[in-house]
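Participant: Can you look at this prediction? I've put the sequence above it.
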Amino acid sequence: MAELFSPEWMEGFKDAWNAESELSDALAAIGFNSVIGYGFPEDENPSGVLVVENGKATSGGAYDGQELNWDIRAKKAQWEKWMKKPPGMAGLGMAFTTGKMKFKVGDYGSMLKDPRMAGPFIKSFSVMARV
């Protein structure tokens, strides 16, 4: 298995994202476009980046200075825990409120208030677990 958020891992995540209709089709329905960074809180920059255009992931790879719409961070052990058992809404809410998940860029609260985005966000964790 490729290292978490490595270019190879991000490419696999892109493919898994597009194969999951509850994620890609749901976001396409609302015209979702975003550049999403993933990484660890101790690092200055995210490790990996996923580019999403109209709900579909068009590229996945290493962070290379892209302007981010979202930058999601958690410790490696937390990411690995989520890979083994993807969280639900309550688990993600708890992770956010306890600081186990941080958003360096992006508004977690506004995203959760929009069910058209909250459902796919939660689904993205189960998709990560398939990579």
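Facilitator: Sure, I can see it.
Participant: The helix or strand where residue 61 lies packs against which elements?
Facilitator: Under the criterion of DSSP states H and E, residue 61 resides in strand 56-62. Packed against strand 56-62, as judged by 3 or more Cβ pairs under 8 Å, 6 or more residues apart in numbering; DSSP states H and E, are the following elements: helix 7-19, helix 21-28, strand 48-53. Bear in mind the C-beta positions are built from the backbone N, C-alpha and C, glycine included.
Participant: gap between the following helix or strand past it and the chain center?
Facilitator: Remark: after strand 56-62, the chain's next helix or strand is strand 70-74, criterion DSSP H and E. Chain-centre distance of strand 70-74: 8 Å, with Cα atoms, centre = their mean, to the nearest Å.
Participant: Paired strands for strand 70-74, with orientation please.
Facilitator: Strand 70-74 has these partner strands in its sheet, going by DSSP bridges: strand 34-39 (parallel), strand 101-105 (antiparallel).
Participant: any idea which of the ones you listed is most buried?
Facilitator: strand 34-39 (a mean of 21; mean count of other Cβ atoms under 10 Å).
Participant: Mind exporting the C-alpha coordinates of it to PDB?
Facilitator: Backbone C-alpha positions of strand 34-39 (Å, rounded to 0.1, in the frame of the first residue of the first chain) are rendered in PDB as follows:
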ATOM      1  CA  SER A  34     -12.700  22.500  -4.900                       C
ATOM      2  CA  VAL A  35      -9.000  22.000  -4.300                       C
ATOM      3  CA  ILE A  36      -8.800  19.900  -1.100                       C
ATOM      4  CA  GLY A  37      -5.500  19.400   0.900                       C
ATOM      5  CA  TYR A  38      -5.000  16.500   3.200                       C
ATOM      6  CA  GLY A  39      -2.200  16.300   5.800                       C
END
